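Asks: The following block contains a protein sequence and its predicted model.
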Amino acid sequence: MSYQWNWQVFLQDTGADQTYLDWMLSAWGWTLTVAVFAWIVAFFAGALVGTLRTVPRPVVRGLATAWVELFRNIPLLVQIFLWYHVIPALVPAMKQLPSVVLVIFALGFFTSARVAEQVRAGIQSLPRGQMMAAQAMGLTLPQSYRFVVLPMAFRLVLPPLTSEAMNIIKNSSVAFAVSVSELTLFALQAQEETSRGIEVYLAVTTLYMVSAFVVNRIMGFIESRVRVPGYVGGGK
């Protein structure tokens, strides 16, 4: 028996003065909002923690290592529930925050542990002579990281960071668990209401793929603009 496609389902009214297409595009916007802000949190927290994991201060390195082990050893869905149910109960001021903000923190900190490891690996892959030369020129430790080490380390880790930036879009789908109106929640509800699950999930899958592909191309452009000849991907 052949399947009867019905793409007109997206033009049907949902009963809330909007079509399913309008609802899906709104959900796509929420998906991108969660992913973009979570990536900002993950990038800056991960860069800081990854850098601190390489400094010559055992206590600081230990704290940074604890951060990484804490956030990468707990499943993402569990962290979402912790931020949604537990942390607001322990910190009453956070009860006023909308669930989307809590999801952004959860996803951002989870991804920051992975970013931190990549930044650490990038720093440690550089020749030790770079740090020694910077300090021989009179730069302080923070200045050596700021002007010598980190600019080169970030160039080296751009390919794995591209994967993390794409992953954060896909991982944003767990936000449905706390009722954030993103694409996965839309798909679950729309297929129940219309019984057109194949069309709904194909459309949602396409939007996830388009989003991840655009991120891939943006990061590829950045990589091509900042590459250094002689290093990874820099040619001769």
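Replies: That came through fine. Numbering: from 1, shown residues only.
Asks: which residues in this structure form helices?
Replies: For the chain, the helices defined by DSSP state H cover 20-52, 58-72, 76-81, 87-90, 99-124, 128-136, 141-144, 150-156, 158-171, 183-194, 197-226.
Asks: which other helices and strands contact the helix or strand bottoming out on mean pLDDT in the chain?
Replies: Ranked by mean pLDDT, DSSP states H and E, the weakest helix or strand in the chain is helix 128-136, scoring a mean of 89. Applying 3 or more C-beta pairs under 8 Å, 6 or more residues apart in numbering; DSSP states H and E, one finds that helix 128-136 makes contact with helix 141-144. All C-beta atoms are positioned from the backbone trio N, CA, C, and that covers glycine.
Asks: Now the helix it packs on - C-alpha only, PDB.
Replies: Once non-C-alpha atoms are left out, helix 141-144 reads as follows in PDB (Å, rounded to 0.1, in the frame of the first residue of the first chain):
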ATOM      1  CA  LEU A 141      51.500  35.000  32.300                       C
ATOM      2  CA  PRO A 142      48.100  36.400  31.300                       C
ATOM      3  CA  GLN A 143      49.700  38.500  28.600                       C
ATOM      4  CA  SER A 144      51.500  35.500  27.200                       C
END
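Asks: and the most centrally placed residue in the chain, how far is that from residue 40?
Replies: Centroid-nearest residue in the chain, with C-alpha atoms, centre = their mean: residue 168, separated by 3.3 Å. According to C-beta to C-beta, to the nearest Å, residue 168 stands 10 Å off from residue 40.
Asks: Next: residue 97.
Replies: For residue 97 relative to residue 40 (C-beta to C-beta), the value is 17 Å.
Asks: before we move on, what about residue 62?
Replies: 26 Å.
Asks: Residue 25 too?
Replies: Counting by C-beta to C-beta, the gap from residue 25 to residue 40 is 23 Å.
Asks: the more surrounded of these two?
Replies: residue 25 (15 against 12; other C-beta atoms under 10 Å).
Asks: Please name whichever of the helices of the chain is nearest to residue 2.
Replies: When the helices of the chain are compared by C-beta to C-beta, helix 197-226 sits nearest residue 2, at 12.5 Å.
Asks: list the buried ones in that closest one?
Replies: Residues of helix 197-226 classed as buried: 199, 200, 203, 204, 207, 208, 211, 212, 215, 219, 223 (neighbour count, 16 or more other C-beta atoms under 10 Å).
Asks: Identify the residues contacting the fourth one.
Replies: Contacts for residue 204 were tallied using C-beta atoms under 8 Å, 6 or more residues apart in numbering; they are 24, 183, 184, 186, 187.
Asks: could I get the buried residues of helix 197-226 as JSON lines with pLDDT and distance to residue 45?
Replies: Shown next, in JSON lines, are those (pLDDT from 0 to 100; distance: C-beta to C-beta, whole Å):
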{"residue": "199", "pLDDT": "95", "distance to residue 45": "39"}
{"residue": "200", "pLDDT": "97", "distance to residue 45": "35"}
{"residue": "203", "pLDDT": "97", "distance to residue 45": "33"}
{"residue": "204", "pLDDT": "97", "distance to residue 45": "29"}
{"residue": "207", "pLDDT": "97", "distance to residue 45": "27"}
{"residue": "208", "pLDDT": "97", "distance to residue 45": "25"}
{"residue": "211", "pLDDT": "97", "distance to residue 45": "22"}
{"residue": "212", "pLDDT": "96", "distance to residue 45": "22"}
{"residue": "215", "pLDDT": "96", "distance to residue 45": "19"}
{"residue": "219", "pLDDT": "94", "distance to residue 45": "19"}
{"residue": "223", "pLDDT": "91", "distance to residue 45": "22"}
